[in-house]
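Student: 3D model of this:
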Amino acid sequence: MKKVPLVTRHQHTYPRPNTTGDRTSSLSIYCIQYMNTLKTRAAEKAAMNDSTASARHNDSESPEVEPSTMSNISNPLPTDVICGRGGGALRHAGNLTYRNIVALNKGLYTTCKKSDKLKISRSIVAAIRETNGRFLEQDSVTKLWNDIGDKKAVEKTSQALREGQPKLRKKIIELETQG
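Tutor: Predicted coordinates:
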């Protein structure tokens with residue numbers, strides 16, 4: 001059996017992500033790095049909002065408009081994640097990448113603090129979005145695809161990360177007792 005190098009964090013040990021250079025591994029590493037920068041970005045955004053709040057009191061600015069590429073989509077792209085059941089969703093290229101990223105982050109998700117779990121889910125959604133991916137659901141009437149939004153995408157990702165956790169915890173405990 002091949003030995004997997006381990007990383008210790010928060011008094012837990014989990015397998016180190018594969019860093020061979022394939023797309024899913026680099027996205028997983030990106031997810032971890034992105035999670036570490038969330039606080040910095042939030043602080044910068046808060047500082048920017050504070051400094052520009054007084055300058056934004058005129059009514060000429062319109063609220064952000066949802067891009068047209070998020071609704072009434074006839075053909076999902078290979079980078080999109082299709083929400084739903086069945087073979088089409090399972091075999092879609094975006095879903096394969098998404099499931100690989102989720103699988104690579106399950107160990108981290110299982111062993112981290114509760115406060116970090118949402119950050120991991122958000123970072124996976126952000127990684128998919130930054131590769132021009134969308135989380136799409138098909139309208140049953142029009143048969144067109146619409147983006148489900150970040151909130152539902154994070155919920156879907158959190159659920160995917162929770163699947164199979166008891167087995168993964170047992171595996172981690174076995175690795176700790178062997179080493």
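
Student: ok, now which ones touch Phe135?
Tutor: Residues near Phe135 by C-beta atoms under 8 Å, 6 or more residues apart in numbering: 80-81, 83, 125, 128, 147-149, 152-153, 156. Where C-beta positions appear, they are placed from N, C-alpha and C, glycine not excepted.

Student: Next up, phi/psi of Asn75, please.
Tutor: phi -130, psi 110 (degrees, to the nearest 10).

Student: Nearest to Leu96 among the contacts of Phe135?
Tutor: Comparing those against Leu96 with C-beta to C-beta places Val81 closest, at 9.7 Å.

Student: re earlier: got a ChimeraX select line for the buried ones in the contacts of Phe135?
Tutor: Only the buried entries of these go into this ChimeraX selection, using 16 or more other C-beta atoms under 10 Å:
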select :80,81,83,125,128,147,148,153,156
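
Student: ranges for the strands of this structure?
Tutor: Here the chain has its strands, by DSSP state E, at 6-9, 12-15, 81-82, 135-138, 145-147.

Student: Please list the members of the contacts of Phe135 that lie in helices.
Tutor: 125, 128, 149, 152-153, 156 (DSSP state H).

Student: and the gap between Gln138 and Thr79?
Tutor: Using C-beta to C-beta, to the nearest Å, Gln138 is found at 17 Å from Thr79.

Student: which stretches of this structure have low pLDDT?
Tutor: 1-69, 179 (pLDDT under 70).

Student: Which parts of the protein are helices?
Tutor: Ranges of helices within the chain are 23-52, 87-91, 93-111, 114-130, 149-162, 165-178, based on DSSP H.

Student: Stretch 70-77: which residues count as buried?
Tutor: For stretch 70-77, burial by neighbour count (16+ other C-beta under 10 Å) applies to 73, 76.

Student: first to last residue in that stretch, what's the distance?
Tutor: Terminal residues of stretch 70-77 lie 12 Å apart, using C-alpha to C-alpha, to the nearest Å.

Student: Let me know how buried Ser140 is, in neighbour terms.
Tutor: Using other C-beta atoms under 10 Å, Ser140 has 6 other residues around it.

Student: Backbone torsions only: list them for it.
Tutor: With angles defined as degrees, to the nearest 10, Ser140 sits at phi -70, psi -20.
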